[in-house]
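> Got a predicted model here, sequence first, then my questions.
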Amino acid sequence: MLHIVVCVKQVPDSREIRIDPKTNTLIRQGVPAIVNYFDLNGLEEALSLKDRFGARVTVVSMGPPSADKALKQCVSMGADEGVLVSDRAFAGADTLATSYVIALTVQKVEEVWGPVDMVFCGKQTLDGDTGQVGPGVACRLDLEQLTYVEKIEQLDEKRREIVVHRHLEDGIERVKAKLPVLMTAVAELNKPRRASLPGVLRAAEYKPIVWTTNDFANLDRAQIGLKGSPTIVGKTWVPEQKKIDTQMIGLDKGIESAATDLIGQLFSTELPAKLGWA
Ligand SMILES: Cc1cc2nc3c(=O)[nH]c(=O)nc-3n(C[C@H](O)[C@H](O)[C@H](O)COP(=O)(O)OP(=O)(O)OC[C@H]3O[C@@H](n4cnc5c(N)ncnc54)[C@H](O)[C@@H]3O)c2cc1C
């Protein structure tokens, strides 16, 4: 049976985030925490492979104790187990330290439940947004990495081969690789399912497994948390908003004549210059 690990991060809902204009920092108060969107695409793909081939799906997350809600959500959707890696010593991690801890977690998942065939990450998070953790984990575990996966075309369990489509800026790349692999998921991969009623009932009772620093035998404390994070945020700022002239078009005359007016104006000598196109 396949063994699939899905890495999920709990993030503030970016649709609700505002920026304090005085300090240029994020206003986090009252912002709900959600599972990073692309991680749900990774989970959905793992669950659909489970539906088709049979698989154990283990979800892992490094975060504060409150991130157990994210794991419970994944269990309500159909994940078998959720592991929360949580300890004050992990706090303040940059992508280097995060990928170190996630890689150790995948190794420990293998020790407990057996060899892992696939690891899913999202292509990036809604908050940190670097897209570095997935490739970092793949490098540390020496896994073949398939980034920006938008489709799994084929999985041959016997030959341990997978064929995927990678979503690139200038087209699609079709890649064949040998398992085990780490894939990063894009939104085009699938539409995440809703939780089922039995899933919701299971998740209500479910307590995610919590691993702290004490659970990792070979943990190098110099590589975790703030101490293990060489990234320095030099400055943050809000991009300047450019103002351009806009014009409201009344639709009282009907959409067709409004559109005709607009096209007329676009080809007049003034509007392109006003809009800064000329
Ligand atoms: C000095 C410093 C201090 C920081 N302190 C904190 C802090 O205290 N708390 C905090 O939340 N962030 C903190 N950050 C931000 C932190 O660097 C990133 O959130 C984190 O390393 C992940 O990077 P990312 O969000 O860019 O992930 P990406 O690389 O964009 O994520 C890609 C994918 O990797 C996986 N992934 C990423 N993070 C996790 C995770 N934690 N668990 C499981 N899977 C994951 C997901 O599948 C995700 O879709 C800090 C950054 C710096 C530079």
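Thanks, I have the structure now.
> need the contact list for residue 209.
By Cβ atoms under 8 Å, 6 or more residues apart in numbering, the contact list for residue 209 reads 81-84. In this view, the C-beta of every residue, glycine as well, is placed from N, C-alpha and C.
> could those go into TSV alongside distance to residue 182, pLDDT and secondary structure?
Formatted as TSV, the entries for the contacts of residue 209 read as follows, by distance: Cβ to Cβ, whole Å; pLDDT from 0 to 100; DSSP: H, G, I helix; E, B strand; the rest coil:
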residue	distance to residue 182	pLDDT	secondary structure
81	19	98	strand
82	19	98	strand
83	17	98	strand
84	20	98	strand
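> Name the nearest of those residues relative to residue 56.
residue 81 (7.7 Å; Cβ to Cβ).
> What separation do you get for residue 11 and residue 194?
20 Å (Cβ to Cβ, to the nearest Å).
> who has more neighbours, those two?
residue 11 (23 against 9; other Cβ atoms under 10 Å).
> Mind checking what secondary structure that one has?
strand (DSSP: H, G, I helix; E, B strand; the rest coil).
> which ones are touching it?
Residue 11 sits in contact with 33-36, 125-127, where contact means Cβ under 8 Å, 6+ apart.
> Same check on residue 91?
64, 225-226.
> Now do it against residue 225, distance only.
In terms of Cβ to Cβ, residue 91 sits 6 Å off from residue 225.
> likewise residue 167?
33 Å.
> What is the burial count for the residue in the chain that the ligand sits nearest to?
At 2.0 Å from the ligand, residue 128 is the closest residue in the chain, using Cβ to the nearest ligand atom. Residues near residue 128, counting by other Cβ under 10 Å, number 15.
> before we move on, what about residue 165?
Neighbours around residue 165, by other Cβ under 10 Å: 19.
> On the strand side of things, show who it bridges to.
residue 151, residue 174 (DSSP bridges).
> Test my guess that it contacts residue 183.
No - Residue 165 lies out of contact with residue 183 (Cβ atoms under 8 Å); the separation is 11.2 Å.
> Name all residues that make contact with the residue of the chain closest to the ligand.
9, 95.
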